[in-house]
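> Kindly return the folded structure for what I paste below:
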Amino acid sequence: VQLVESGGGLVQAGGSLRLSCAASGRTFSSYAMGWFRQAPGKERECVAVIRWSSGPTYYADSVKGRFTISRDNAKNTVYLQMSGLKPEDTAVYYCAAGLGGSTSARYDYWGQGTQVTVSS
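Numbers count the residues shown, from 1 in each chain. The predicted model follows:
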């Protein structure tokens with residue numbers, strides 16, 4: 001089972017990035033897919049969640065209206081489109097597969113993470 005994130009980088013405040021998470025190794029149709037992030041010195045927090053069979057089920061209040069989670073079932077890929085980025089969005093972003101919800105303990109599979117840095 002593998003989750004591979006890509007698309008992170010350095011961007012100025014107000015800019016946009018799109019993160020991708022490619023899933024392989026098994027059928028993920030029964031799983032929820034989540035994007036989490038962890039900034040230095042802070043706990044890991046859930047950013048957004050989506051189910052393969054339906055659509056987005058959760059957005060953190062801090063990203064509502066700015067971030068959009070989506071999926072491409074044919075490619076087994078989940079995306080996180082981020083716009084209106086702020087310096088406080090700077091973190092390592094992780095993709096995860098599991099039962100769903102906003103608690104990291106409900107996710108069994110994790111990617112290696114991709115760094116997003118927003119400069120002011």
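
> Sheet partners, orientation included, of the lowest-mean-pLDDT helix or strand in the chain?
Each helix and strand of the chain was given a mean pLDDT (mean pLDDT, DSSP states H and E); the minimum falls on strand 56-59 at a mean of 93. Partner strands for strand 56-59, per DSSP bridges, with pairing direction: strand 45-51 (antiparallel).

> buried residues in the strand it pairs with?
Counting neighbours by 16 or more other CB atoms under 10 Å, one finds that the buried residues in strand 45-51 are 46-50. Every C-beta, even on glycine, is put in place using the N, C-alpha and C of the backbone.

> ok, so of those, who is nearest residue 37?
residue 47 (5.4 Å; CB to CB).

> what residues are up against the closest one?
Shown here is residue 47, whose contacts under the criterion CB atoms under 8 Å, 6 or more residues apart in numbering are 34-37, 59-60, 63, 67, 80, 93.

> how close does it get to residue 105?
16 Å (CB to CB, to the nearest Å).

> again with residue 97
Distance, residue 97 to residue 105, by CB to CB: 13 Å.

> how much space between residue 45 and residue 29?
The gap separating residue 45 from residue 29 is 26 Å, by CB to CB.

> same thing with residue 114?
24 Å.

> higher neighbour count, these two?
With other CB atoms under 10 Å as the criterion, residue 114 and residue 29 differ in neighbour count, and residue 114 comes out ahead with 22 against 10.

> Do I have it right that the more buried one meets residue 4?
No. Residue 114 is beyond contact range of residue 4, at 9.3 Å (criterion: CB atoms under 8 Å).

> which strand residues sit across from the spatially most central residue of the chain in the sheet?
Nearest residue to the geometric centre of the chain (CA atoms, centre = their mean): residue 35, 2.4 Å. On the basis of DSSP bridges, residue 35 is bridged to residue 48, residue 95.
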